[in-house]
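Peer 1: Got a predicted model here, sequence first, then my questions.
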Amino acid sequence: MITVTKQELIKLGFGPSQSADIIRQAKHLMLNKGYSYYSSKRLGRVPVKAVEEILGFSLVSYGDKSHA
């Protein structure tokens, strides 16, 4: 599973607050899908697919599947 952190989102051009909000929303989305693992406040890594679902566009290019 490809994952992303707040710092990686910042490197992609999102602001610090916006990155934190995206991670928070992705964790909430994963909790709603039944993944209780994402209830931890200290967890800062979420699946790229969850972030893409929130943003509405792809973060991973087709040529680079290693990570975002």
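Peer 2: Great, that's in hand.
Peer 1: Not counting its neighbours along the chain, what's nearest residue 43?
Peer 2: residue 27 (6.9 Å; C-beta to C-beta, 6 or more residues apart in numbering). For the C-beta atoms, the positions are set from N, CA and C on the backbone; glycine is no exception.
Peer 1: neighbours of the one you found, just the number please.
Peer 2: Neighbouring residues of residue 27 were enumerated by other C-beta atoms under 10 Å; the total is 21.
Peer 1: how close does the residue nearest to residue 48 when sequence neighbours are not counted sit to residue 40?
Peer 2: Leaving aside its sequence neighbours, residue 48 sits nearest to residue 2 (C-beta to C-beta, 6+ apart; 4.6 Å). Per C-beta to C-beta, to the nearest Å, residue 2 is found 20 Å from residue 40.
Peer 1: higher neighbour count, these two?
Peer 2: residue 2 (14 against 9).
Peer 1: What's the separation between that one and residue 16?
Peer 2: Residue 2 is 22 Å from residue 16, by C-beta to C-beta.
Peer 1: same question, residue 44
Peer 2: On the measure of C-beta to C-beta, residue 44 and residue 16 end up 13 Å apart.
Peer 1: what sits in contact with each of these two?
Peer 2: residue 6 (C-beta atoms under 8 Å, 6 or more residues apart in numbering).
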